[in-house]
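# Predicted model and sequence follow; I will ask about them next.
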Amino acid sequence: MLQGSLNEQEWTLLSTYLEAQDYVELTPSSWREAARIYYDLRRQGLTVRSPIDCCIAQVTLENNLLLIHDDRDFETITQVRYLQHLRFQP
């Protein structure tokens, strides 16, 4: 998120916001399961633009989280995994 900051003011705002957030980490099995999501998608002829999105989806699944996003890859991932998500479109 920070790398997309438009200016110093936005960097500071986002940085402050992120400091107050809880973080969840991927485990070794998380990485494997994320790769499995990618594999399962490919086997069905589906492609995501970023394998990192599979990692985000996996950590969301493992922690029973709601994923709020604006990324079509998560719509694709829902074709192979049940993902609690909400597409945010500003």
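It's in.
# Do you have the helices of the chain handy? List them.
Taking DSSP state H as the criterion, the chain carries its helices at 8-19, 28-43, 51-62, 72-77.
# Export those helices to a markdown table and append columns for mean neighbour count and mean pLDDT.
Yep, even glycine has a C-beta here, placed from its N, CA and C like the rest. Rendered in a markdown table, the data for the helices of the chain read as follows (neighbours: other CB atoms under 10 Å; pLDDT from 0 to 100):
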| stretch | mean neighbour count | mean pLDDT |
| --- | --- | --- |
| helix 8-19 | 11 | 94 |
| helix 28-43 | 15 | 97 |
| helix 51-62 | 19 | 97 |
| helix 72-77 | 19 | 96 |
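# Can you tell me the closest non-neighbouring residue to the residue most central in space within the chain?
Ranked by distance to the mean C-alpha position of the chain (CA atoms, centre = their mean), the top residue is residue 56 at 3.1 Å. Using CB to CB, 6 or more residues apart in numbering and skipping the chain neighbours, the partner closest in space to residue 56 is residue 67 (7.0 Å).
# and the one you found, how many neighbours does it have?
Residue 67 is surrounded by 19 other residues when neighbours are defined as other CB atoms under 10 Å.
# now swap in residue 7 and tell me
8.
# Make sure residue 89 is actually in contact with residue 70.
Yes - with contact taken as CB atoms under 8 Å, residue 89 and residue 70 are classed as touching, separated by 5.9 Å.
# Just want to know which of the two has more residues nearby.
Counting neighbours by other CB under 10 Å for residue 89 and for residue 70 shows that residue 70 has the greater number, 10 against 5.
# show me what contacts the nearest residue to the more buried one once chain neighbours are set aside?
By the measure of CB to CB, 6+ apart, the closest residue to residue 70 outside its immediate chain neighbours is residue 88, 5.2 Å from it. Taking CB atoms under 8 Å, 6 or more residues apart in numbering as the criterion, residue 88 is in contact with 68-70.
# Format these as TSV; extra columns: distance to residue 77.
Compiled in TSV, the contacts of residue 88 are given as follows (distance: CB to CB, whole Å):
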residue	distance to residue 77
68	14
69	10
70	14
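# can you tell me which of the residues you listed are in strands?
Among the contacts of residue 88, the residues falling in strands (DSSP state E) are 68-69.
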